[in-house]
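Chemist: what follows is a predicted structure for the sequence shown.
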Amino acid sequence: MSLLPIVETSDLIATVPRDLAEFFVQHGAVRYVDTPMKSPVIDVHLFWHQRFQKDPAHAWLRKQIHELFRQD
């Protein structure tokens, strides 16, 4: 969330997902412009140390991330 004040107060631009851009437009003095080309799909991977494999809190977090990013 520190990106919004940086873009607002500079001559910089940022490439972000549309939902984040819409949030920034609603809450800041910025605008968004569609890119002239299709954005690439970015694979998301999870990595963790073996000692956290059976940790209940860590397993819960991994499940939440998996549910959020899964593609049916």
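Modeler: Alright, I've got the coordinates.

Chemist: so where's the protein shaky on pLDDT?
Modeler: Applying pLDDT under 70 to the chain picks out no residues at all.

Chemist: pull the longest helix from it.
Modeler: Taking DSSP state H as the criterion, the chain has its longest helix at helix 56-69.

Chemist: just checking, what packs against it?
Modeler: Helices and strands touching helix 56-69, by 3 or more C-beta pairs under 8 Å, 6 or more residues apart in numbering; DSSP states H and E: there are none. Backbone N, C-alpha and C define where each C-beta goes, glycine included.

Chemist: quick one: terminal-to-terminal distance for stretch 36-56?
Modeler: One end of stretch 36-56 to the other measures 44 Å (C-alpha to C-alpha, to the nearest Å).

Chemist: show me what that stretch is in contact with.
Modeler: 15, 58, 59, 62, 65, 66, 69 (C-beta atoms under 8 Å, 6 or more residues apart in numbering).

Chemist: rerun at 7 Å
Modeler: Residues outside stretch 36-56 that contact it (C-beta atoms under 7 Å, 6 or more residues apart in numbering): 58, 62, 65, 69.

Chemist: what's the local residue count around residue 12?
Modeler: The local packing of residue 12 (other C-beta atoms under 10 Å) involves 9 other residues.

Chemist: report the secondary structure state of it.
Modeler: coil (DSSP: H, G, I helix; E, B strand; the rest coil).

Chemist: now for the contacts of stretch 36-56: which two are most distant?
Modeler: Maximum pairwise distance among these (C-beta to C-beta): 16.7 Å, between 58 and 69.

Chemist: of those two, who's got more company?
Modeler: Per other C-beta under 10 Å, whichever of residue 58 and residue 69 has more neighbours is residue 58, with 14 against 11.

Chemist: how many neighbours does the nearest residue to that one once chain neighbours are set aside have?
Modeler: Excluding the flanking residues, the one nearest residue 58 by C-beta to C-beta, 6 or more residues apart in numbering is residue 52, at 4.2 Å. For residue 52, the neighbour count with other C-beta under 10 Å is 12.

Chemist: what does residue 46 give?
Modeler: Counted with other C-beta under 10 Å, the neighbours of residue 46 add up to 9.
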